[in-house]
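# what follows is a predicted structure for the sequence shown.
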Amino acid sequence: MLLVKKKILIGMTGGIACYKIPILVRALKKEKAEVKIVMTEAATKFITPLTLETVSENPVAIDMFEPKSYIATRHIDLSEWADVNLIAPATANCLGKIASGISDDLLTTVICATTTDTIFSPAMNVHMWENKITQRNIQILKDIGYLFIDPAEGEMACKHYGVGRMPEPEDLLVELVKHLTKKQTRSVKKKAY
Ligand SMILES: Cc1cc2nc3c(=O)[nH]c(=O)nc-3n(C[C@H](O)[C@H](O)[C@H](O)COP(=O)(O)O)c2cc1C
């Protein structure tokens, strides 16, 4: 149990790699982490909030203006909750918005408001990844101090081959453990979850 009582906020944006996140969440829960999830509207097209609520054992936040919410400042509460924020998958769109200071939905507002370490795991088609605007936005975010897990190379859902695949859930787990324990945890064994 490597993550007892560690709080991890996962921000999911609208990429095909959303299918990997429930597996990551299960792995985090097995390591005894607390997990909350914020999804963009686009992310909900790829995987249902119900699945994420079930594996995280927490409500999933999507709407900025939640009519039933009794906590009007939920975006601030979420921005202050975690020990680390992981944006995965991170779309080209969300990287551009956050690099430009745009906060037009709950997730980008939470990231604008947070002072917690934030790690992006970009995932996109190879041409989107190599696009100079995407690379410029990533450089802007890195220069400010945001952290990145580089995408892997391989075949993509669109059948292109190249860099842009989100790393597998067990690789994201290793990166989170490394970050949260600030120790060399390269020896953390990959497990099946
Ligand atoms: C089937 C499908 C797969 C997509 N996969 C990705 C992806 O992997 N990465 C990406 O940056 N955008 C991808 N997109 C485009 C995003 O969903 C789109 O830019 C969306 O506006 C992102 O919104 P968000 O950043 O608010 O979640 C995909 C779109 C579709 C229809």
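Here it is on my side, so go on.
# off-centre distance for the lowest-mean-pLDDT helix or strand in the chain?
Among the helical and strand segments of the chain, the one scoring lowest on mean pLDDT, DSSP states H and E is strand 152-155, with a mean of 88. Averaging C-alpha positions (Cα atoms, centre = their mean, to the nearest Å) puts strand 152-155 19 Å from its chain's average.
# now do it: which elements does it pack against?
Packed against strand 152-155, as judged by 3 or more Cβ pairs under 8 Å, 6 or more residues apart in numbering; DSSP states H and E, are the following elements: strand 161-165. For every residue, glycine as well, the C-beta is placed using N, CA and C.
# contacts for the least confident helix or strand of the chain, please.
161-163, 165-168, 171 (Cβ atoms under 8 Å, 6 or more residues apart in numbering).
# can you give me the neighbour number for A90?
28 (other Cβ atoms under 10 Å).
# run me through the strand neighbours of the least confident helix or strand of the chain, direction for each.
Note on strand 152-155: by DSSP bridges, its sheet partners are strand 161-165 (antiparallel).
# buried ones in the partner strand, by neighbour count?
164-165 (16 or more other Cβ atoms under 10 Å).
# got the CA positions of it in CSV?
C-alpha atoms of strand 161-165 as CSV (Å, rounded to 0.1, in the frame of the first residue of the first chain):
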residue,chain,number,x,y,z
TYR,A,161,1.9,5.1,-35.8
GLY,A,162,4.0,7.5,-33.7
VAL,A,163,4.3,9.4,-30.5
GLY,A,164,1.0,10.4,-28.7
ARG,A,165,-0.3,7.3,-26.9
